[in-house]
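Student: Sequence and computational prediction follow.
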2 protein chains.
Amino acid sequence: MTMPKSPQPFPRSEYLRRLTAVKSEMRRREIDVLVVTTPANITYLSGYTSKSGYVPQGLIVSSKAEEPTFITRRMDAPAAIHQMFIDRNHVIGYPEALIANPDRDGYDAIIDFILDEDFGRRSIGLEAKFLPALANEKFKVRAPDAKIVDCTNAVTWIRGLKSDLEITIMREAAAISDAGMLKAKEVIRPGVSEADASAEIIATLVRGADGKPGTDLASFFLCSTPRTSTCHIRWTEDTFRPGSQINLEFSGVRHGYTSPLMRTMIIGKPADELRRLHEGEVAGLEAALAAARTGRTCNDVAKAFNTTLRKHGFEKESRCGYAVGIDWTEPTASLKEADMTVLKQNMTFHLMLGNWIDEDLGYVISETFRVTDAGGEPFTKLPRELFQL
Amino acid sequence: MTMPKSPQPFPRSEYLRRLTAVKSEMRRREIDVLVVTTPANITYLSGYTSKSGYVPQGLIVSSKAEEPTFITRRMDAPAAIHQMFIDRNHVIGYPEALIANPDRDGYDAIIDFILDEDFGRRSIGLEAKFLPALANEKFKVRAPDAKIVDCTNAVTWIRGLKSDLEITIMREAAAISDAGMLKAKEVIRPGVSEADASAEIIATLVRGADGKPGTDLASFFLCSTPRTSTCHIRWTEDTFRPGSQINLEFSGVRHGYTSPLMRTMIIGKPADELRRLHEGEVAGLEAALAAARTGRTCNDVAKAFNTTLRKHGFEKESRCGYAVGIDWTEPTASLKEADMTVLKQNMTFHLMLGNWIDEDLGYVISETFRVTDAGGEPFTKLPRELFQL
């Protein structure tokens, strides 16, 4: 029996639409073949979410073929045949001899394919910034007559503009994020360990919401007293106490897509300074969403937030958000001053208002939203509360 | 209030022992300053497990200082002060202006520090293979009088030889892996969704075992019928049925350390071929463990496994394992033929016997073990069964 195709999260026409946009960008940059190696971009162009990206792999988009070709470790080929919308003949597994081999690796298999397809004297696009140094070097050495062009983030920028089908999936992920936050509110109590609470929240993110299971786990952070000024600690071996403050950041995942969410909870009553910070941040959040209208810029959104927060007597040093979608952060548009990216309908951002002010003062709130003509439309349905437990 | 130190998983003397080994290797390679950027190596030399490695950061080990210095994004400095054994003055946070900035990034902050410390004309070691191409370039351009030496995996090889303290932590992680597998055996039933079963198993990995919580989550794979030939799919939206085969791979985590485990389960009775494959693999596993004695080589272990499996009428294309520890795989010693790495007491390996033979035939079993004079000593206490549910 051969591997059947899995149900696809998107119709073939949606993948072809994305590929058309990529090929159009390739023509603009005079690229004949593009080697897509960033896992999120591979997911975007094929539906593949299997976790094989720790070894070399590449999705080859060529101007002369409708479907791309995926080159991956042989043991991962069946997952690609199963998950990708492309024909099984467009999945090529390279042999195990290229694993843990200092002389030849999976990038050589990719280069072999490109040379076999007669692109050796053409223009080859690479996501160079995210490739290991040795891989970049390999392309130059083995395809000396090709023109190697850095196309870092070319696909990522295209990915930034979501279709309505993608927005639907991101709303499903957001409903899971909401369910996780409500579970946190339910299980965090004095005497409960951070690990036991995390177990319940994470299990909720896997079970999903509204009959749609989570399809993966993304980053998960639970930073509680005395760690409220930290932002990237999973959880610790501590137990919650009366007065503990808990800063949470996590996301549900649907078919690779995330909709991150942050909220702050406190067991008991917040100190005045924390309450004032919360009020300033929520006012800033609302100002930022109002500014996030089609035609405005990332700079406008950041200015709206920063100005409002400043009126409340606080500053936030870090940017107030970033483009978001498959695998969380898209390294393109930033919600920060001087980022003049123009907002378009269905761009999606994580309005990330985590503010780690001092070693004993940190507060988090965030929402994932899409840009519309009427402003930023958040995906979460949760209230903008400092949750008192 | 300033950030307190967290309880340390290891005493200061253990970190200094590790640093002494690294500095000795630096002297051997004539390196004056080593820039450690691989997250697992940073954990190894400092105790830091916060997840800030998605932006540039570096632990600077210099021949002239007892403690290393950590350079990280400013918002991550409090977590480093909290988790690392080093003095808070050895944690330097770089400003947000270096995030999402095409001209200057965190690597510039690292280079600034190195130049300030007068290493501009000395020998600088980099983990070049795992650095982005642009970062490698930056060091060359900004420190043109320095000798840049590739030290990829120098720390990783040192990390390969565990102390008894590390073995204790890896046993704790293994107990969590075992608890997860027993939970899988309990919850996988016809009519249960893959997501709901995964939620229960993952929650167990977070709650931990024997009063020791999991401190993080590592990779988790549940590849069930008709996906038994895949190896890196998390789980799907399917529901288990009578006859479903389930291939599981996951690990408990303690303070960064993993002890991965794989087992195959089946709802009902296995087909003859699967049972024969199971028997061959278990015989191979036992032969491999017997061969994994101090003084033998990785090649010996692989040969013992491959010869035994072949006698049972099967072949495994992929290597039969790899060095394991912090953050799972150590990209150093491989349990494969022709890897002549000599085994030493307390080297630890994931004897990974997943065998994806055909698009409808895959089977997994694995154990994490340490090398001893008497052979490989596995950390799991589970039977080597093809679990029938």
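Tutor: Happy to help now that I have it. Everything numeric here is computed off the predicted structure, so don't read it as measured data. Numbering: from 1, shown residues only, chains lettered A, B, ... in the order given.

Student: neighbours around the residue in the stretch 51-200 of chain A that chain B sits nearest to, how many?
Tutor: Closest approach between the stretch 51-200 of chain A and chain B, counting by Cβ to the nearest Cβ: A:Ala195, at 3.3 Å. C-beta coordinates here come from the backbone N, C-alpha and C atoms, glycine included. As a burial measure, A:Ala195 scores 22 neighbours (other Cβ atoms under 10 Å in any protein chain shown).

Student: Phi first, then psi, for it.
Tutor: phi -70, psi -40 (degrees, to the nearest 10).

Student: quick one: it and B:Gly211 touch, right?
Tutor: No: under the criterion of Cβ atoms under 8 Å, A:Ala195 is not in contact with B:Gly211, lying 10.7 Å apart.

Student: so for stretch A:215-234, what's the average pLDDT?
Tutor: Averaged across stretch A:215-234, pLDDT comes to 98.

Student: Could you do stretch A:242-262 as well?
Tutor: Rounded to a whole number, the mean pLDDT of stretch A:242-262 is 98.

Student: now the end-to-end length of that stretch.
Tutor: Using Cα to Cα, to the nearest Å, the end-to-end distance of stretch A:242-262 comes to 21 Å.

Student: close to chain B, is that stretch?
Tutor: No: counting by Cβ under 8 Å from any Cβ of the partner chain, no contacts exist between stretch A:242-262 and chain B, the nearest distance being 9.0 Å.

Student: before we move on, what about stretch A:39-57?
Tutor: Yes: remark: stretch A:39-57 sits within contact range of chain B at A:Thr49, A:Ser50, A:Lys51, A:Ser52, A:Tyr54, by Cβ under 8 Å from any Cβ.

Student: Name all residues that make contact with the residue of the stretch 51-200 of chain A closest to chain B.
Tutor: Taking Cβ atoms under 8 Å, 6 or more residues apart in numbering or on different chains as the definition of contact, the neighbours of A:Ala195 are A:Trp235, A:Glu237, B:Val206, B:Arg207, B:Gly208, B:Pro213, B:Gly214, B:Thr215.

Student: which SSE is the third one in?
Tutor: Right, B:Val206. B:Val206 belongs to helix B:194-207 when elements are defined using DSSP states H and E.

Student: then that helix to CSV, C-alphas only?
Tutor: Coordinates of each C-alpha in helix B:194-207 appear next as CSV, following Å, rounded to 0.1, in the frame of the first residue of the first chain:
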residue,chain,number,x,y,z
GLU,B,194,-5.0,11.4,18.5
ALA,B,195,-5.1,15.0,19.9
ASP,B,196,-6.9,14.0,23.1
ALA,B,197,-4.4,11.1,23.6
SER,B,198,-1.5,13.4,22.9
ALA,B,199,-2.9,16.0,25.4
GLU,B,200,-2.8,13.4,28.2
ILE,B,201,0.7,12.1,27.3
ILE,B,202,2.1,15.6,27.0
ALA,B,203,0.5,16.7,30.3
THR,B,204,2.2,13.7,31.9
LEU,B,205,5.6,14.9,30.5
VAL,B,206,5.0,18.3,32.0
ARG,B,207,3.8,17.0,35.4
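
Student: how about the spatially most central residue of chain A, what does it touch?
Tutor: By Cα atoms, centre = their mean, chain A has its centre lying nearest to A:Trp328, at 1.6 Å. Under the criterion of Cβ under 8 Å, 6+ apart, the contact list for A:Trp328 reads A:Ala218, A:Ser219, A:Ser251, A:Thr258, A:Pro260, A:His350.

Student: Out of these, which comes closest to A:Phe305?
Tutor: When these are compared for distance to A:Phe305, the smallest value, 13.1 Å, is given by A:His350; criterion: Cβ to Cβ.

Student: what pairs with that closest one across the strands?
Tutor: Legend: beta-bridge partners of A:His350 under DSSP bridges are A:Tyr322, A:Thr368.

Student: for it, what are its contacts?
Tutor: With contacts defined as Cβ under 8 Å, 6+ apart, A:His350 is in contact with A:Pro260, A:Gly321, A:Tyr322, A:Val324, A:Trp328, A:Thr329, A:Ser366, A:Glu367, A:Thr368.

Student: Can you lay out these as CSV showing distance to B:Glu186?
Tutor: Formatted as CSV, those follow (distance: Cβ to Cβ, whole Å):
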residue, distance to B:Glu186
A:Pro260, 32
A:Gly321, 42
A:Tyr322, 41
A:Val324, 37
A:Trp328, 32
A:Thr329, 37
A:Ser366, 37
A:Glu367, 38
A:Thr368, 35
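
Student: Just the buried ones from the residues you listed?
Tutor: Under a neighbour-count criterion of 16 or more other Cβ atoms under 10 Å in any protein chain shown, the subset of the contacts of A:His350 counted as buried comprises A:Pro260, A:Gly321, A:Tyr322, A:Val324, A:Trp328, A:Thr329, A:Ser366, A:Glu367, A:Thr368.

Student: wouldn't the fourth one be in contact with A:Val253 here?
Tutor: Right, the one you point to is A:Val324. No: checked against Cβ under 8 Å, the pair A:Val324 and A:Val253 is beyond contact range at 12.0 Å.

Student: OK, contacts around the closest residue to A:Thr204 other than its chain neighbours?
Tutor: In space, A:Thr204 comes closest to A:Lys183 once its chain neighbours are excluded; the distance is 4.3 Å by Cβ to Cβ, 6 or more residues apart in numbering or on different chains. Counting by Cβ under 8 Å, 6+ apart, A:Lys183 makes contact with A:Glu200, A:Ile201, A:Thr204.
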